[in-house]
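Engineer: Coordinates for the following, if possible.
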Amino acid sequence: MIEKSEIINQPSSGQFTERIYDIESLWNSQNWTWIKFTNEDLTEWCGQFRGLARQVVISKNHNIVLVLTSDYLFQLDTLTGDIMEFEDQPQYQDLILIPNGDFLIADYYTIKRISNKITEKEIIKSPIQMDTIKFKHWQNNKLEFACNEFANWDRHVILEFDSETNKIEIKIG
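Structural biologist: Reported below is the predicted structural model:
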């Protein structure tokens, strides 16, 4: 079972047991991401994923690893490391784990919640139209994040997502 993950530079040949996660597509970039996984028995191995690295997050509650690259959003099973689902050409820019084991994912303009399947996302409504969303940090069940107001790029806003109520409120701005 996968316990830890870390985005790394390309490892030396033979440094780790390697698995290549590649989906054949004419739209694939030439870029790759390497992620070092550590299993519960402390064995380490490396996954090679198509696209530039954005984020990797593990949910032990759901036994899911999400890997976000510029080319794909991969959903892996923590028990086997196998691909469960994938989404190609995602516009997502940020990914974070919610304390209950769900995930939040953001593209430039929206935030979505993922529980068990990346194909089933719930859009989180915001009090303003957002642009350039960047997750910051959790304090208990509240996630602070920054963005610009869409079409008003001089207005930089700090918002807060409450994972218990599933609501976003303006904190500063």
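
Engineer: what helix or strand is Leu66 on?
Structural biologist: strand 64-69 (DSSP states H and E).

Engineer: For that strand, which strands pair with it and how are they oriented?
Structural biologist: Paired with strand 64-69 in the same sheet, following DSSP bridges, are strand 53-59 (antiparallel), strand 72-77 (antiparallel).

Engineer: could you redo these as JSON lines and give each row mean neighbour count and mean pLDDT?
Structural biologist: Every C-beta, even on glycine, is put in place using the N, C-alpha and C of the backbone. Formatted as JSON lines, the strands paired with strand 64-69 follow (neighbours: other CB atoms under 10 Å; pLDDT from 0 to 100):
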{"stretch": "strand 53-59", "mean neighbour count": "20", "mean pLDDT": "98"}
{"stretch": "strand 72-77", "mean neighbour count": "22", "mean pLDDT": "98"}
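
Engineer: Can you report how many residues lie near Gly47?
Structural biologist: Number of residues near Gly47 (other CB atoms under 10 Å) recorded here: 22.

Engineer: related to what we said a few turns ago, could the strands paired with strand 64-69 go into TSV alongside distance to Thr110?
Structural biologist: Output for those, formatted as TSV (distance: least, CB to CB, whole Å):
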stretch	distance to Thr110
strand 53-59	16
strand 72-77	14
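
Engineer: so which of the ones you listed gets nearest Asp88?
Structural biologist: Closest of those to Asp88 is strand 72-77, at 5.6 Å (criterion: CB to CB).
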